[in-house]
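Chemist: My questions concern the predicted model and sequence given below.
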Amino acid sequence: MPIRSGKKANPMKAKTIKVDVLARVEGEGAMTVKIQNRRVTDVKLRIFEPPRFFEAFLRGRKFNEVPDITARICGICPVAYQMSACHAIEDAFGVKVEGPLRELRRLLYCGEWIESHALHVYMLHAPDFLGYEDSIQMAKDHRETVQRGLFLKKTGNAIVNLLGGREIHPINVRVGGFYKIPSKKELASLAENLKSARDAAIETVKWVAKFSFPAFERDYEFVALRHPAEYPFNEGRLVSNRGLDITVREYDQHFAEEHLAHSNALHSVLKDRGAYFVGPLARYNLNFDRLSPLAQETARDSGLGSVCRNPFQSIIVRSVELVYACDEALRILDSLEMPDSPSVQVESRVGVGYGCTEAPRGVLYHRYRIDEHGLILDAKIVPPTSQNLKTIESDLWQFADNNLDTPQDTLQRQCEQAIRNYDPCISCATHFLKLEIEREPEPADSAGRECEIDAED
Amino acid sequence: MPKTEGNVLVIGIGNELRGDDAAGIVVARRIQERHLPGLQVLEHNGEGASLMEAWTGAQSVFIVDAVISGSAPGTIHRFDATRQPLPSQAFQSSTHAFGLREAVEVARALNLLPARLVIYGIEGKSFAAGEEISAELAQAATRVSERVLEEARATDLAP
């Protein structure tokens, strides 16, 4: 468990409990929920954002270094960073990657979704619903379930390892395709585990659908890619449930990043409209008809409609996407023709390129301006977690307001769970986050008692 | 421990673009440079589930990571993870991440720990993006690479 420092409650003074929720290192970010006179008066998210550092780091670098450098922004979704980078640079150069190479890129993306979703569903979010402090406690009581999660994760890793070259920072992806293509035999060897993984994913949906979910819905604007024929990974128009329907090149005309005094991070907003919601729930609500028949059927059997507005149920939607990713990977492997060459020819030219792909956590936008030598003049990277920050703040505001009488430690846990609904990326945007709930005065039921959260597991 | 030829794995965890967080990576590279037979070296970002996969099949595993526990920068901590749980404070574990400590303790619950797992923590000072590893940490990394090699030789590697 994290270091949890509590203070003795003094009934009439402001109280702060700090919970270290996302940390390799402390002190770079915090989420504060302030409750005064039985009213939520402030919710602030302060975070450190590595992409800002990387945007500067990329200036002056050669275009073909970008996929490898951006892959280091996030240890959980390096493929998404590489893919958005490649698509943006290919857009600048007028290059289109089609046919078997495009299919292999989709396969790689399936691997990353499987890894990332399995990790979040099993190791991070499920313990909240089952009342465990963390995955360590859960593993003691639910060995087989945790092993199923690890098996799914491993199946995703195997795909990323084979195609990406190295699972942590895949180095086999390049602008125009890949450096090296695995043999047909190596690719075919993925299928057997994927079939078991698909079954495990269906079991996952059944398992999480039985959890109990807080009644909580808001009227969100969901934003995701939409493709004429596919559930979106690498391509599509940016659409929303409130009429947004634009090309990726028009992103900057419709989205803005606001600088807020309380944070060194930027909050993304839709111009003139405000907060929006990206990620599995947005993809699902805008693309249910593009899921494979099996994924649709699994969703329906679990009781999920084609639209879901409760962010706590994102764990079911994430699991449905696990089914889809396994199913799609098997479809690709089944019909795959080997490409003639590991990449298409790429010639650098002056220009600006735009790329959006669907990282496990949602839309990931990259834009690069490239000079006559193929060097990056400037880069813009907007990770999904940054796009969800404003929505996370609004959720916490309303959730805390709905639950003012909940004891502090329970509210604290539920607020953490509400943040986890968005699977905030531990590396992309919220590396080091603490959640604080400040309450004045104390609720009557907790007045006078010690409010210390145990530091031990 | 019986001597097993090979089957020793050293994993250096860290991010070389974040100051002292590079310590584990530096140790991994120093050991890799020796090209010792029977000893495999991995650089890793610390994501727990793939760590558990990485050590599968290895008899003896040494993991090196930067830690924060309040000691002086460069302090070397050694934990025999096969005998005792990892202290949560030093490893900054978190309910929002599945990292080294979570991997070790989940593996313990599932009987998936290697026969021998030793973890070296190097106390870090600054983890700012874009910074170089600090001098104290670079020196400590050298000492840790020597100690890991000594331990590996004493117990596992063929003389």
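Modeler: Right, received. Where do you want to start?
Chemist: Kindly state the pLDDT recorded for the nearest residue to A:Glu217 once chain neighbours are set aside?
Modeler: Of all residues beyond its chain neighbours, the one nearest A:Glu217 is A:Arg309 (4.4 Å), with distances taken as CB to CB, 6 or more residues apart in numbering or on different chains. C-beta: built from backbone N, CA, C; applies to glycine. pLDDT, A:Arg309: 97.
Chemist: any idea how far A:Arg309 lies from A:Gln345?
Modeler: From A:Arg309 over to A:Gln345 the distance is 46 Å, taken as CB to CB, to the nearest Å.
Chemist: So for those two, which residue has more residues nearby?
Modeler: In this view A:Arg309 and A:Gln345 are compared by other CB atoms under 10 Å in any protein chain shown, and A:Arg309 has more residues nearby, 16 against 8.
Chemist: residue ranges of the helices in the stretch 1-150 of chain A, please?
Modeler: A:50-58, A:66-70, A:78-93, A:99-118, A:126-130, A:135-141, A:143-164 (DSSP state H, counting those that start in this stretch).
Chemist: near chain B at all, the third one?
Modeler: No: Helix A:78-93 lies apart from chain B when judged by CB under 8 Å from any CB of the partner chain; the minimum separation is 9.0 Å.
Chemist: which strands and helices sit next to that helix?
Modeler: Counting contacts by 3 or more CB pairs under 8 Å, 6 or more residues apart in numbering or on different chains; DSSP states H and E, helix A:78-93 is packed against helix A:66-70, helix A:99-118, helix A:143-164, strand A:173-174, strand A:351-359, strand A:362-370.
Chemist: Quick one: distance of that helix to the chain centre.
Modeler: Taking the mean of its C-alpha atoms, helix A:78-93 sits 18 Å from the chain's own mean (CA atoms, centre = their mean, to the nearest Å).
Chemist: that older thread, does the residue nearest to A:Glu217 touch A:Ala215 like I think?
Modeler: No: if you go by CB atoms under 8 Å, A:Arg309 and A:Ala215 don't touch, sitting 11.2 Å apart.
Chemist: Any stretches of chain A with poor pLDDT?
Modeler: By pLDDT under 70, the weakly predicted segments of chain A are A:1-30, A:46-51, A:166-170, A:260-265, A:425-439, A:441-457.
Chemist: Nearest residue to the middle of it?
Modeler: The central residue of chain A, meaning the one whose C-alpha is nearest the mean C-alpha position (CA atoms, centre = their mean), is A:Arg361 at 1.8 Å.
Chemist: What distance do you get for it to chain B?
Modeler: Note on A:Arg361: its distance to chain B, by CB to the nearest CB, to the nearest Å, is 13 Å.
Chemist: likewise A:Lys180?
Modeler: Taking CB to the nearest CB as the criterion, A:Lys180 is separated from chain B by 20 Å.
Chemist: pretty sure that residue is touching A:Gly165, no?
Modeler: Yes: with contact taken as CB under 8 Å, A:Lys180 and A:Gly165 are classed as touching, separated by 7.4 Å.
Chemist: quick one, which of those two is more surrounded?
Modeler: For the pair A:Lys180 and A:Gly165, the greater number of neighbours falls to A:Gly165 (16 against 11), based on other CB under 10 Å.
Chemist: give me every residue that touches that one.
Modeler: Under the criterion of CB atoms under 8 Å, 6 or more residues apart in numbering or on different chains, the neighbours of A:Gly165 are A:171-173, A:179-180.
Chemist: Closest one of these to B:Arg153?
Modeler: Here the nearest of the contacts of A:Gly165 to B:Arg153, counting by CB to CB, is A:Ile171; it sits at 31.5 Å.
Chemist: surely that closest one meets A:Asp68?
Modeler: Yes: in terms of CB under 8 Å, A:Ile171 counts as a neighbour of A:Asp68; the distance is 6.1 Å.
Chemist: Give me the more crowded residue out of these two.
Modeler: A:Asp68 (18 against 15).
Chemist: gap between the more buried one and A:Gly165?
Modeler: For A:Asp68, the distance to A:Gly165 equals 11 Å [CB to CB].
Chemist: now swap in B:Arg83 and tell me
Modeler: B:Arg83 sits at a distance of 36 Å from A:Gly165 (criterion: CB to CB).
Chemist: check contacts around the closest residue to A:Arg420 other than its chain neighbours.
Modeler: Computed as CB to CB, 6+ apart, the closest residue to A:Arg420 that is not its neighbour in sequence is A:His125, at 5.3 Å. Applying CB under 8 Å, 6+ apart to A:His125 gives the contacts A:315, A:318, A:417, A:420-421, A:423.
Chemist: Tell me the one of the residues you listed nearest A:Glu235?
Modeler: Each of the contacts of A:His125 was checked against A:Glu235 using CB to CB; the closest is A:Arg318, at 21.5 Å.
Chemist: so that closest one, which of the three states?
Modeler: Look at A:Arg318: counting by DSSP: H, G, I helix; E, B strand; the rest coil, its state is helix.
Chemist: Flag every residue of the stretch 101-250 of chain A that's near chain B.
Modeler: The stretch 101-250 of chain A has residues A:115, A:118-119, A:123-124, A:127, A:133-136, A:139-140, A:143, A:146-147, A:150, A:153-154, A:157, A:167-169 near chain B, with proximity defined as CB under 8 Å from any CB.
Chemist: possible to save the contacts of A:Gly165 as CSV with distance to A:Gly111?
Modeler: As requested, these are exported to CSV (distance: CB to CB, whole Å):
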residue, distance to A:Gly111
A:Ile171, 15
A:Asn172, 12
A:Val173, 12
A:Tyr179, 17
A:Lys180, 16
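Chemist: Just give me the closest of these to chain B.
Modeler: Distances from the contacts of A:Gly165 to chain B were compared by CB to the nearest CB; the smallest belongs to A:Ile171, at 11.9 Å.
Chemist: Skipping its backbone neighbours, what lies nearest that closest one in space?
Modeler: With CB to CB, 6+ apart, the residue lying closest to A:Ile171 is A:Gly165, at 4.8 Å.
Chemist: residues in contact with the residue nearest to the centre of chain A?
Modeler: Under the criterion of CB under 8 Å, 6+ apart, the contact list for A:Arg361 reads A:77, A:116, A:278-279, A:383-385, A:388, A:422-425, A:428.
Chemist: Okay, B:Ala49 and chain A: tell me how far apart.
Modeler: Summarising the geometry, the distance separating B:Ala49 from chain A, computed by CB to the nearest CB, is 5 Å.
Chemist: For that residue, which three-state class applies?
Modeler: Counting by three-state DSSP, the three-state call for B:Ala49 is helix.
Chemist: Chain neighbours aside, what residue packs nearest to it?
Modeler: The shortest distance from B:Ala49 to any non-neighbouring residue, by CB to CB, 6+ apart, is to A:Lys153 (4.5 Å).
Chemist: so where do the strands sit in chain B?
Modeler: With DSSP state E as the definition, chain B shows strands at residue ranges B:8-13, B:39-44, B:60-67, B:76-80, B:116-123.
Chemist: need those strands in TSV with mean pLDDT and mean neighbour count, can you?
Modeler: Formatted as TSV, the entries for those read as follows, by pLDDT from 0 to 100; neighbours: other CB atoms under 10 Å in any protein chain shown:
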stretch	mean pLDDT	mean neighbour count
strand B:8-13	94	26
strand B:39-44	92	20
strand B:60-67	93	28
strand B:76-80	93	15
strand B:116-123	94	24
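Chemist: Quick check: which of these is nearest to A:Leu291?
Modeler: With CB to CB, the closest approach to A:Leu291 among the strands of chain B belongs to strand B:39-44: 34.0 Å.
Chemist: by contact count, what packs against the closest one?
Modeler: Contacts defined by 3+ CB pairs under 8 Å, 6+ apart place strand B:39-44 against strand B:8-13, helix B:23-32, helix B:48-54.
Chemist: Need the winner for burial among those.
Modeler: Between the helices and strands packed on strand B:39-44, the one whose residues have the most neighbours on average, counting mean count of other CB atoms under 10 Å in any protein chain shown, is strand B:8-13 (a mean of 26).
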